[in-house]
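Asker: Got a predicted structure plus its sequence, pasted below:
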Amino acid sequence: MAAPQRRTSSDPWNRELEQVVREALESIRFGTVTLVVQDGRVIQVDRNEKIRLSRQANMDGGGI
């Protein structure tokens with residue numbers, strides 16, 4: 001098992017990023033959270049949530 005790496009000041013993972021990722025994960029029920037990395041640094045966090053409708057609601061014309 002590899003030894004844990006120490007994070008340095010140039011490390012792209014920091015408390016702010018960790019908080020953003022945690023909030024994205026906690027606020028989503030179905031979907032994806034994607035980190036966009038450029039030059040070894042996270043530059044964007046995308047949250048794509050899927051909203052699932054029950055089949056019964058769609059069958060009676062109550063849909064879109």
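Answerer: That came through, no problem. Note that the coordinates shown come from a computational prediction; the quantities given were computed from them, not determined experimentally. Numbering: from 1, shown residues only.
Asker: Compute the distance between Ala24 and Val42, please.
Answerer: Distance of Ala24 to Val42, computed by C-beta to C-beta, to the nearest Å: 12 Å. Glycine gets a C-beta too; all of them are placed from N, C-alpha and C.
Asker: Those two: which has the busier surroundings?
Answerer: Between Ala24 and Val42, counted using other C-beta atoms under 10 Å, the more crowded position is Ala24 (19 against 15).
Asker: Helix or strand: which one has the more buried one?
Answerer: helix 15-26 (DSSP states H and E).
Asker: List the buried residues for that helix?
Answerer: Val20, Val21, Ala24 (16 or more other C-beta atoms under 10 Å).
Asker: I'd like the mean pLDDT over that helix, please.
Answerer: For helix 15-26, mean pLDDT rounds to 94.
Asker: out of the buried residues of helix 15-26, who's nearest Glu49?
Answerer: Ala24 (9.6 Å; C-beta to C-beta).
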